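Undergrad: Here is the input, now give the coordinates:
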Amino acid sequence: MTRVAISIVFVSAVAGCGDLSTVGETPDFTPIDGTLEERAMEVPGHSAVERLQPTKTASLWSGGRQSLLGDRRAGQVGDILTVVIEIDERAEISNSTSRERSGSQSAAIPSLLGIPQRLERVLPDGADFDAALSAEASSRSSGDGSVRRNEKLTLRVAATIVGLLPNGVLRVQGSQEVRVNYEIRELLVSGFVRPEDVSRQNEITYDKIASARISYGGRGRISEVQQPRYGQQVLDRVLPF
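TA: Below you'll find the predicted structure:
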């Protein structure tokens with residue numbers, strides 16, 4: 001029985017260590033080969049923004065995308081645009097509730113055809129029908145709640161147009177990874193963009209992206225230390241207290 005217990009403890013300890021292959025190694029970047037962005041760039045799609053065709057006559061002005069006055073905004077599958085994320089939000093909510101209720105009921109039967117007097121002879125000492133029924137009840141509840149949130153984030157990321165919807169709306173997706181020592185910071189952005197919302201600088205702010213999905217986090221040594229171990233996570237889900 002002792003050997004079985006020792007074996008269970010050993011297996012649990014090894015399992016709790018996780019993947020030991022990354023010990024002493026820097027976290028790897030996510031491969032970019034075969035991603036949705038790469039496939040979108042390999043197969044150009046139709047443009048969602050009307051482009052001026054360069055004039056065929058002798059003129060100093062050209063309407064091509066590479067010209068000085070050309071429209072260089074992203075508008076077709078495979079094009080790249082810049083997503084500007086500037087979040088500076090504050091929210092504070094506070095509320096309180098209080099409820100109190102009390103009630104009392106009493107009833108007495110001093111006389112009823114002489115029946116109470118006859119029954120008092122058989123009642124215990126001190127009992128009579130002057131207070132045949134008495135009930136009291138009270139309840140009280142109170143609650144307080146508050147929410148305070150402060151978020152500030154300033155980021156810029158290049159996103160790729162990976163799809164074009166039938167109504168001309170662009171589907172964009174972008175990712176960015178930066179490795180500093182043994183920690184990788186990753187930024188993921190996706191959503192839907194109207195071509196007319198893209199600025200002349202080929203930029204769009206996050207608040208103009210429909211169904212925006214923005215994720216900013218990290219993975220590496222610091223993130224691993226901040227997370228509870230597997231055993232603790234299992235106990236948190238299993239234990240009822």
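Undergrad: what about this protein, any weak spots by pLDDT?
TA: Low-confidence segments of the chain, defined by pLDDT under 70: 1-26, 43-70, 107-134, 241.
Undergrad: Could you point out the longest strand of it?
TA: Identified as the longest strand of the chain according to DSSP state E is strand 133-164.
Undergrad: could you say what helices and strands the next helix or strand after it packs with?
TA: Past strand 133-164, further along toward the C-terminus, the next helix or strand under DSSP states H and E is strand 170-180. Under the contact definition 3 or more C-beta pairs under 8 Å, 6 or more residues apart in numbering; DSSP states H and E, strand 170-180 sits against helix 36-42, strand 80-107, strand 133-164, strand 183-193. All C-beta spots, glycine's among them, are computed from the backbone N, C-alpha and C.
Undergrad: which of those is buried the deepest?
TA: Highest mean neighbour count among those (mean count of other C-beta atoms under 10 Å): strand 183-193, with a mean of 18.
Undergrad: That strand versus strand 133-164: what angle between them?
TA: 80 degrees (axes from the mean of the first three to the mean of the last three C-alpha atoms, to 10 degrees).
Undergrad: picking up where we left off before, so what secondary structure elements neighbour the longest strand of the chain?
TA: Against strand 133-164 (3+ C-beta pairs under 8 Å, 6+ apart) you get helix 36-42, strand 80-107, strand 170-180, strand 183-193.
Undergrad: Among these, which comes closest to Asn202?
TA: Set against Asn202 and scored by C-beta to C-beta, those come closest in strand 80-107, at 5.1 Å.
Undergrad: Sheet-wise, list the partners of the closest one with their directions.
TA: strand 133-164 (antiparallel), strand 203-205 (parallel) (DSSP bridges).
Undergrad: possible to save these as a markdown table with distance to Gln105?
TA: Converted to a markdown table, these look like this (distance: least, C-beta to C-beta, whole Å):
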| stretch | distance to Gln105 |
| --- | --- |
| strand 133-164 | 5 |
| strand 203-205 | 66 |
